[in-house]
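**Student:** Mind looking at a prediction? Sequence and model below.
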Amino acid sequence: MYTIMLMLGCVKQADTPLKSPIPENQVEKSLDAYFSALAENNFIQGSFIITQNGEPVFQKAYGFLDAKGKYVANTQTIYRIGSVSKTYTAVMIMQLVDEGKLTVDQTIDKWFPSIPKADQITVEHLLRHRSGLYPLILEEHHVLMVEPIGFEEMIERVASHDLLFEPGTDQQYNNVGYVLLGHLIETIDNQNLNESLQRRISKKVGAVNTKYGDQINVKKNEARSLDYGNEWVESKETKIMMFGGAGAMSSFPEDLCRFGESLFGGELVSDSSLRYMKDMSAGLWFNDENMYYGHGGGIDEFRSLLEYNEDISTCIAYTMNTHHYKPDALADVMKKAAKGEVVEIPNIENVKLSQETLQSYEGVYESVERPDYLIFIPHDGDLYIQESDAMEFSFEGEHAPLISLSNGVFAFFPYDLEIDFQSDGTEIKQEFYLRYGGETFHYKRLPRDTKEPSTTE
């Protein structure tokens, strides 16, 4: 299965200011129908909230904490929040700035002298992903999940690589920078990051169940990471402490919105520090399409989001222990509901196709627009897809079952990917269009006896 760790959920957001609070029953009815349909078809499990002026207008949980369905999720269930942790870390850094203990233009050589060009990398560079440091956690993710390392070894590995670019000259999302920022907070506060988190944020906003680190315990209402094939299974649990200020925190939507409301309400940092965070993309991301600031996160199969719209005093947040539906779509429908718009249930029915029909799609396809092959194979009544530089399908590699929306149209919802095979009257399909990331790519089948890639026009 596909797994993305500590993914950034850049905010795509809503447009028209809300003149009055939305009818609570309208939100409840439309959103609950939407989320219930997804949950009943095994696309989501998790907890969701919309607040306006500090009060919840929608709050509900779906699914379970464990694969066997023994522990039912509720609105207080705790989930790992991945990169939403970065917003908390950024706030604590700005609190240190407000206290005069740190400046954003201060270089990091005092704390991390072995880091390449540490005398040129500033706190701001770490906050804004502009350091150029080797992105160890992304590049070596699969190894680190199995063999986690301590902070000192992480520093050594990062220091052994050249910078990707000169500090401040480019921007590339980098978890390592926020691990360093978390360690910086611990050093200046002279306490561990969870103690700083509780003192600086959680206790102030009444969100003491937002915490740093620790292993998952379902008996304490903490959700496990779940994956779905033909049934729910528990996925491998990452040793979370090594991800520090980049992604090692846990919370739930109500606590997330308490944090967001307090941050934008001026209770956690000074006005100038909040302006800095917003203007400089320091722990907050913004899309002017609908005026929400926030951050998304993912680790293992967990997915999370916190976004806040100052113009309409509205917070949306979710925490999930599955990754089977489009995260951006979930955010979009919550924003529509927050504006009083009706939410329509999407087409998610998996149309079962015969083995003969599935076999008509089997094969290796290539595109002149993308480097790797896409390989399709029928398996256990579904059509599986794999992207590879080889021409053979392997179940040992990353692969995924596609949802059949109709005969010829398939989707993989976690990545918002759609495949549309062209109806050309042939028994064996010869080409398709891949819609992904707002772009469309044309693929053609390679002849079955092809030994080398064919030339595609």
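**Tutor:** Here it is on my side, so go on. Residues are numbered from 1 along each chain as shown.

**Student:** what's Ile375 in contact with, if anything?
**Tutor:** Neighbouring residues of Ile375 by CB atoms under 8 Å, 6 or more residues apart in numbering: 363-365, 385-388, 391-393. (Each C-beta comes from the backbone N, C-alpha and C, glycine too.)

**Student:** now swap in Phe432 and tell me
**Tutor:** Counted by CB under 8 Å, 6+ apart, Phe432 has contacts 365, 419-422, 443.

**Student:** ok, it to Glu387 distance?
**Tutor:** Distance, Phe432 to Glu387, by CB to CB, to the nearest Å: 14 Å.

**Student:** Enumerate the positions of the worst-scoring helix or strand of the chain on mean pLDDT that are buried.
**Tutor:** One helix or strand of the chain scores below all others by mean pLDDT, DSSP states H and E: helix 141-146, with a mean of 73. Buried residues in helix 141-146, counted by 16 or more other CB atoms under 10 Å: 141, 144-145.

**Student:** which among the residues you listed gets closest to Glu99?
**Tutor:** Ranked by distance to Glu99 (CB to CB), those are led by Leu144 at 33.4 Å.

**Student:** how far away is that closest one from Asn74?
**Tutor:** Taken as CB to CB, the span from Leu144 to Asn74 is 32 Å.

**Student:** Phe48 too?
**Tutor:** For Phe48, the distance to Asn74 - CB to CB - is 12 Å.

**Student:** which SS class is the residue lying closest to Trp232 once chain neighbours are set aside?
**Tutor:** Distances taken as CB to CB, 6 or more residues apart in numbering put Ala67 closest to Trp232, at 4.3 Å, once the chain neighbours are dropped. Classification of Ala67 by DSSP: H, G, I helix; E, B strand; the rest coil places it in coil.

**Student:** got it, and Ser202?
**Tutor:** helix.

**Student:** Wait, it touches Thr210, no?
**Tutor:** Yes - using CB atoms under 8 Å, Ser202 makes contact with Thr210 at a distance of 5.0 Å.

**Student:** what do the two both touch?
**Tutor:** Asp255.

**Student:** And the helices in the stretch 101-250 of the chain?
**Tutor:** Listed in chain order, the helices of the stretch 101-250 of the chain (DSSP state H, counting those that start in this stretch) span 123-127, 136-139, 141-146, 151-159, 175-189, 193-197, 203-205, 244-247.

**Student:** what's the least confident stretch among the ones you listed?
**Tutor:** Across the helices of the stretch 101-250 of the chain, helix 141-146 has the smallest mean pLDDT, namely a mean of 73.

**Student:** Now do that one: distance to the chain's middle.
**Tutor:** 18 Å (CA atoms, centre = their mean, to the nearest Å).

**Student:** which one's the longest helix in the protein?
**Tutor:** Looking across the chain with DSSP state H, the single longest helix is helix 24-40.

**Student:** Show me what that helix is in contact with.
**Tutor:** Contacts of helix 24-40 (CB under 8 Å, 6+ apart): 44-45, 48, 50, 57-58, 60, 62-63, 325, 333-334, 337-338, 340, 342-346, 348.

**Student:** doesn't Pro378 fall inside a helix?
**Tutor:** No - using three-state DSSP, the secondary structure at Pro378 is strand, not a helix.

**Student:** Quick check: which ranges of the stretch 301-450 of the chain have low pLDDT?
**Tutor:** 423-428, 448-450 (pLDDT under 70).

**Student:** Tell me where it has helices.
**Tutor:** Under DSSP H, counting those that start in this stretch, the stretch 301-450 of the chain gives helices at 327-338, 355-359.

**Student:** got the buried residues for the shortest one?
**Tutor:** Meaning helix 355-359. 357-359.

**Student:** Any quick ChimeraX command for the buried ones out of the contacts of helix 24-40?
**Tutor:** Filtering the contacts of helix 24-40 down to the buried ones (16+ other CB under 10 Å) takes a single ChimeraX command:
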select :44,45,48,50,57,58,60,62,63,325,333,334,337,338,340,343,346,348
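
**Student:** What about the contacts of helix 24-40, which are in strands?
**Tutor:** Within the contacts of helix 24-40, residues falling in strands by DSSP state E are 48, 50, 57-58, 60, 62.

**Student:** ok, back up a step: okay if I get the buried residues of helix 141-146 as TSV plus distance to Leu180?
**Tutor:** Rendered in TSV, the data for these read as follows (distance: CB to CB, whole Å):
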residue	distance to Leu180
His141	18
Leu144	16
Met145	21
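
**Student:** Pro116: which of those residues is nearest?
**Tutor:** Leu144 (20.4 Å).

**Student:** wait, what's in contact with the closest residue to Gly168 other than its chain neighbours?
**Tutor:** Spatial nearest neighbour of Gly168, excluding adjacent residues (CB to CB, 6+ apart): Arg130 at 5.3 Å. By CB under 8 Å, 6+ apart, the residues touching Arg130 are 124, 167-171.

**Student:** for those, which one is nearest Asp214?
**Tutor:** Using CB to CB, the contacts of Arg130 come closest to Asp214 at Glu124, 30.6 Å.

**Student:** That closest one contacts Leu102, doesn't it?
**Tutor:** No - applying CB under 8 Å as the test, Glu124 and Leu102 come out as separate, 10.9 Å apart.

**Student:** okay, these two: which has more neighbours?
**Tutor:** Glu124 (19 against 16; other CB atoms under 10 Å).

**Student:** Out of the helices of the stretch 101-250 of the chain, the one nearest Gly82 is which?
**Tutor:** Evaluated over those, closeness to Gly82 peaks at helix 244-247, with 4.7 Å, by CB to CB.

**Student:** Remind me what that closest one packs against, helices and strands.
**Tutor:** helix 85-98, helix 175-189 (3 or more CB pairs under 8 Å, 6 or more residues apart in numbering; DSSP states H and E).

**Student:** Quickly compare the ones you listed and say which is most buried.
**Tutor:** Comparing the helices and strands packed on helix 244-247 by mean neighbour count (mean count of other CB atoms under 10 Å), helix 85-98 ranks first with a mean of 25.

**Student:** other SSEs contacting that one?
**Tutor:** Helix 85-98 packs on helix 123-127, helix 175-189, helix 193-197, helix 244-247, helix 253-264, helix 271-279, strand 292-299, going by 3+ CB pairs under 8 Å, 6+ apart.

**Student:** Met154: which of the helices and strands packed on helix 244-247 is closest?
**Tutor:** helix 175-189 (6.8 Å).

**Student:** angle of the closest one against helix 151-159?
**Tutor:** 140 degrees (axes from the mean of the first three to the mean of the last three CA atoms, to 10 degrees).

**Student:** Please save the CA atoms from helix 175-189 in CSV.
**Tutor:** The C-alpha trace of helix 175-189 is given here as CSV (Å, rounded to 0.1, in the frame of the first residue of the first chain):
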residue,chain,number,x,y,z
ASN,A,175,11.0,17.9,8.3
VAL,A,176,14.6,18.1,9.6
GLY,A,177,14.4,21.8,10.1
TYR,A,178,11.5,21.4,12.5
VAL,A,179,13.2,18.5,14.4
LEU,A,180,16.0,21.1,15.0
LEU,A,181,13.6,23.7,16.1
GLY,A,182,12.0,21.3,18.6
HIS,A,183,15.4,20.5,20.0
LEU,A,184,16.1,24.3,20.2
ILE,A,185,13.0,24.8,22.3
GLU,A,186,14.1,22.0,24.7
THR,A,187,17.6,23.5,25.0
ILE,A,188,16.4,27.1,25.7
ASP,A,189,13.5,26.0,28.0
